[in-house]
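Visitor: Pasting the sequence and the predicted model now:
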Amino acid sequence: MLRLECLRSIYSQLEDCLVVTIMGAVAAELHSLGHRPNFFYLQHAMGLASSTGLGLALCLPDRRVIVFDGDGSLLMNLGSLSTMARYRPGNLIHIVFDNESLLSVGGFPTATGTGTDLEGIARAAGIPRTITVREVNGFTAAVRDAVQRGELTTIVAKVEATGPSGFITDLPLLENRFQFRRYIQSLR
Amino acid sequence: MPVSLQNSKLIYESLKECGVRLVSALPETWLVHLIRMAEEDPNTILVRLAKEEEGVGISAGAHFAGVKSAMLMQNHGFLAAINGIVSFAHLYKIPLLMLISYRGSFGERDPWQTQGGNVTEPVLRALGIPYFFLDNADSVRKRIRQAQTLAESSLQPVAVLLMRDLMWEE
């Protein structure tokens, strides 16, 4: 399964959501499908995309928040799963693209390639709904299910360790950040 | 436990007067009353963290949402949050109001706190983070208000150092 295909399959549903992505291939691929002012790409601070999504979800309980995380990033902040589980906002969907590697720095294998099960860790941390998917159809169904149930869900999407040739987009970090905040203020 | 209830209350009220609506925290002895006050306040969102660096992301999310926040942590927690401060708050110009209990300084009896006390200020200076000491109840309201104002106007992290003379009564 390709991450880009997963992103493409739910792209139209992202219009009404607040979206936070990690750096690297995830950010570049979502951006390549068409940037929107409700997308924030956290181009560093590995591990904090889920924390950012949690902050948004707790402050804006009427908005749906989707975090696109990765195995390397989540492994750097596993405690975030326990914090999300503690407050379990029903408007937060946590999607982890697990390619079992640190792709953007050369593809070194992460611990999920040697048996670490992020869905299992999320479940044991207390995330109320967790699922692992390996096909695009399963991915879209899992996202649809999470939206309908309105329950904090971690979706681990097993994807191939391939991505775009470069990661730099034409969107400066600060422009993205100010645009994202202004978009949220405009919702009031 | 001789943590000053009165001064904790003063600090909490000062945060409320600044419009702070979300508080992230990791428990530490000097912060126990402050955290309890946030927990018992129906108008405050308290986020108990596993590690202080998470608080940078939480505060960034709150800022995007238009909610003012504060981070309660020990100086060792500040040290644990540094990558988030640099590669999120500084990189993306995110205001952070950090209230840091200054353990390991004069009067410290716990040997395990003492190294963190030595490096807190040099690290704050190396990161270019404006900071101020709170060691006296008379200046609490004003200094917290000033710190919050600077964080919002400069869009950067600002540190208020909670000192033994303010937090500890014995």
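Guide: Now that the structure is in, tell me what you want to look at.
Visitor: can we go C-alpha only for contacts and neighbour counts from here?
Guide: Will do.
Visitor: which ones are touching the nearest residue to residue A:113 once chain neighbours are set aside?
Guide: Nearest residue to residue A:113, sequence neighbours excluded (CA to CA, 6 or more residues apart in numbering or on different chains): residue A:100, at 4.8 Å. By CA atoms under 8 Å, 6 or more residues apart in numbering or on different chains, the residues touching residue A:100 are A:71, A:72, A:109, A:110, A:111, A:112, A:113, A:161.
Visitor: let's see it at 10 Å
Guide: By CA atoms under 10 Å, 6 or more residues apart in numbering or on different chains, the contact set of residue A:100 is A:70-72, A:107-116, A:158-161.
Visitor: just the strands in the chain please.
Guide: I'll assume chain A. Secondary structure of chain A (DSSP state E): strands at A:18-21, A:39-41, A:65-70, A:92-98, A:101-102, A:108-109, A:129-133, A:153-158.
Visitor: meant chain B actually
Guide: Ranges of strands within chain B are B:20-25, B:45-48, B:68-74, B:96-101, B:131-134, B:157-162, based on DSSP E.
Visitor: tell me which parts of chain B are close to chain A?
Guide: Residues of chain B lying near chain A by CA under 10 Å from any CA of the partner chain: B:21-22, B:24, B:45-51, B:53-67, B:82-89, B:91-94.
Visitor: ok, residue 34 - how many residues close by?
Guide: I went with chain A, as the question did not name one. Counted with other CA atoms under 10 Å in any protein chain shown, the neighbours of residue A:34 add up to 9.
Visitor: Hmm, no, I was thinking of chain B.
Guide: Neighbours around residue B:34, by other CA under 10 Å: 21.
Visitor: Please look at it and residue B:9 and confirm they touch.
Guide: Yes - if you go by CA atoms under 10 Å, residue B:34 and residue B:9 touch, sitting 7.1 Å apart.
Visitor: Let me see the confidence value for the residue nearest to residue A:113.
Guide: In this model, residue A:100 is scored at 95, pLDDT.
Visitor: cool, residue A:169 as well?
Guide: Per-residue confidence (pLDDT) for residue A:169: 89.
Visitor: and it, how many neighbours?
Guide: Counted with other CA under 10 Å, residues neighbouring residue A:169 total 12.
Visitor: so what's it closest to, chain neighbours aside?
Guide: residue A:28 (6.6 Å).
Visitor: Can you give me the distance of that neighbour to chain B?
Guide: With distances taken as CA to the nearest CA, to the nearest Å, residue A:28 is found 18 Å from chain B.
Visitor: for residue A:50, same thing?
Guide: The spacing between residue A:50 and chain B, counted by CA to the nearest CA, is 8 Å.
Visitor: so that residue makes contact with residue B:57?
Guide: Yes - here residue A:50 reaches residue B:57: they are 7.8 Å apart, a contact under CA under 10 Å.
Visitor: more neighbours, these two?
Guide: Taking other CA under 10 Å, residue A:50 and residue B:57 do not tie; residue A:50 has more neighbours (35 against 28).
Visitor: Low-confidence ranges, chain A, go.
Guide: Judged against pLDDT under 70, chain A has no low-scoring part.
Visitor: right, so of the strands of chain A, which gets closest to residue B:76?
Guide: strand A:65-70 (27.1 Å; CA to CA).
Visitor: Identify the neighbouring strands of that closest one in the sheet and state each direction.
Guide: Using DSSP bridges, strand A:65-70 pairs in its sheet with strand A:18-21 (parallel), strand A:92-98 (parallel).
Visitor: Next, format those strands as TSV and append distance to residue A:171.
Guide: Formatted as TSV, the strands paired with strand A:65-70 follow (distance: least, CA to CA, whole Å):
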stretch	distance to residue A:171
strand A:18-21	14
strand A:92-98	23
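Visitor: re earlier: need the strands of chain B in CSV with mean pLDDT and mean neighbour count, can you?
Guide: Compiled in CSV, these are given as follows (pLDDT from 0 to 100; neighbours: other CA atoms under 10 Å in any protein chain shown):
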stretch, mean pLDDT, mean neighbour count
strand B:20-25, 98, 23
strand B:45-48, 98, 22
strand B:68-74, 98, 25
strand B:96-101, 98, 26
strand B:131-134, 98, 18
strand B:157-162, 98, 24
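Visitor: Quick one: closest of the ones you listed to residue A:126.
Guide: Set against residue A:126 and scored by CA to CA, the strands of chain B come closest in strand B:45-48, at 15.0 Å.
Visitor: Using CSV, list the CA coordinates for the closest one.
Guide: Output in CSV follows, covering the C-alpha atoms of strand B:45-48 (Å, rounded to 0.1, in the frame of the first residue of the first chain):
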residue,chain,number,x,y,z
ILE,B,45,-8.3,22.6,30.5
LEU,B,46,-5.6,20.7,32.4
VAL,B,47,-3.4,18.3,30.3
ARG,B,48,-1.3,16.0,32.4
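Visitor: what does it contact?
Guide: A:54-55, A:58-59, A:82-84, A:86-87, B:20-27, B:35-40, B:54-55, B:58, B:69-72.
Visitor: Kindly recompute the last result at 6 Å.
Guide: The list of residues contacting strand B:45-48 from outside it, by CA atoms under 6 Å, 6 or more residues apart in numbering or on different chains, reads B:22, B:23, B:24, B:25, B:26, B:39.
Visitor: In stretch A:176-188, which residues are buried?
Guide: For stretch A:176-188, a neighbour-count test (16 or more other CA atoms under 10 Å in any protein chain shown) marks A:176, A:177, A:179, A:180, A:181, A:182, A:183, A:184 as buried.
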